[in-house]
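Participant: how would this look folded up:
(one chain, ligands or ions: 2)
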Amino acid sequence: MAATTTAPVKRKIIIDTDPGQDDAAAIMMAFGSPDELEVLGLCAVAGNVPLSYTSRNLRIVCELCGKPDAPVYEGALKPLFRPQVTAEHVHGKTGLDGAVLPEPTMKAREQHAVDFIIETLMTEPEGTVTLCTLGPLTNIATALEKEPRIAPRVKELVMMGGGFFEGGNITPAAEFNIYVDPHAAKQVFAAGIPIVMMPLDVTHQLLTTKSRVEKIAALGTRPGDVLVEWLAFFERFDIEKYGSDGGPLHDPSVIAYLLKPELFTGRHCNVEIEVDSPLTVGMTVVDWWGVTDRAKNATVMRKVDADGFFALLTERVGKL
Ligand code: RIB
Ligand code: CA
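Facilitator: Ligands and ions are numbered 1, 2, ... in the order given. Next comes the predicted model:
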């Protein structure tokens, strides 16, 4: 009897994002991995820049990846309760400064992102859809509020956000994605969904050093060239701030985990979100040493094989 090889089951994912040059790198990595990932839809959320720009940017990235028919949805215009905070100082006015690209021709779908997330989770078989969040968690929290039955149907929520030993990047205590909408993060971490968290403790190890960027440039492809331009813009802020060789590339850590989880190590912990203190609002309080009896609600990553990550990123972007 000839051995039969079964093709690996593709992971169905929804990407929730606030592009952002690093979001763009993550989306490129996902589209460059069609054998492993089936992108059911991409949802824009206000974050790095207002929704009008994150939607525009998401569609620019889809077209750059040769996916003009990708299902793009528009979600939350602002956080649940807090005033909107954006990060043009990092990402530029448009959120995708650094490369000059034509305005997108593809349109976002009519359906609201929150309704798309609910409909998809309620119709796909239970436990088969992974939520990949690259920005504030407003869309996810709103979907949970509107239809709590989706929580047990989520396979996994893999998110970029938070920080613990590494502190914060928008305040001394808080990382941007959580800080923008701490109430949304609090709801998501309390929903009982299996969470994998990529905090600054991991992403600050993923520096876009000159040699790593040169390997992306060596691809000699249009997507690779555009990514290099985006990284050159995006990293300038962090190089000044951290004095490092390159800036931290945050969001692709989420997609890298789906493709090669062995690149990362962490532990299952309790994570709580501060929502009230003016000093520490948005802080992810991670019980890394297990000093409380609070329920463990997230796998928090702390270490990553940075060279392995960049090799994977470059390989997948090279497939576009
Ligand atoms: O703190 C880094 C995170 O905030 C990244 O997702 C970046 O794109 C911004 O959204
Ligand atoms: Ca982001």
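Participant: Pull the number of nearby residues for residue 276.
Facilitator: If you count neighbours by other Cβ atoms under 10 Å, residue 276 ends up with 7. The way it works is simple: take the backbone N, C-alpha and C, and place the C-beta from them, glycine included.
Participant: Is ligand 2 within reach of stretch 176-186?
Facilitator: No - on the criterion Cβ under 5 Å from the ion, stretch 176-186 is out of touch with ligand 2, staying 6.4 Å away.
Participant: Regarding that stretch, how distant is the last residue from the first?
Facilitator: End-to-end distance for stretch 176-186, by Cα to Cα, to the nearest Å: 14 Å.
Participant: same question, stretch 92-105
Facilitator: First-to-last residue span, stretch 92-105, Cα to Cα: 22 Å.
Participant: contacts for that stretch?
Facilitator: 18-21, 24, 48-49, 53-54, 56-57, 59-64, 68, 88, 91, 226, 229-234 (Cβ atoms under 8 Å, 6 or more residues apart in numbering).
Participant: Poorly predicted segments of the stretch 1-150 of the chain, please.
Facilitator: Within the stretch 1-150 of the chain, the ranges that satisfy pLDDT under 70 run 1-7.
Participant: ok, back up a step: buried by neighbour count, from the contacts of stretch 92-105: which ones?
Facilitator: Among those, those classed as buried by 16 or more other Cβ atoms under 10 Å are 18-21, 24, 48-49, 53-54, 56-57, 59-64, 91, 226, 229-234.
Participant: Okay, and which of the residues you listed map to helices?
Facilitator: The helices, defined by DSSP state H, take in 21, 24, 53-54, 56-57, 59-64, 91, 226, 229-234 from the buried ones among the contacts of stretch 92-105.
Participant: related to what we said a few turns ago, ligand 2 next: which of the contacts of stretch 92-105 are close?
Facilitator: Okay, of those touching ligand 2 (Cβ under 5 Å from the ion), that's 18, 20.
Participant: and the contacts of stretch 92-105 near ligand 1, which?
Facilitator: 18, 20, 48 (Cβ under 6 Å from any ligand atom).
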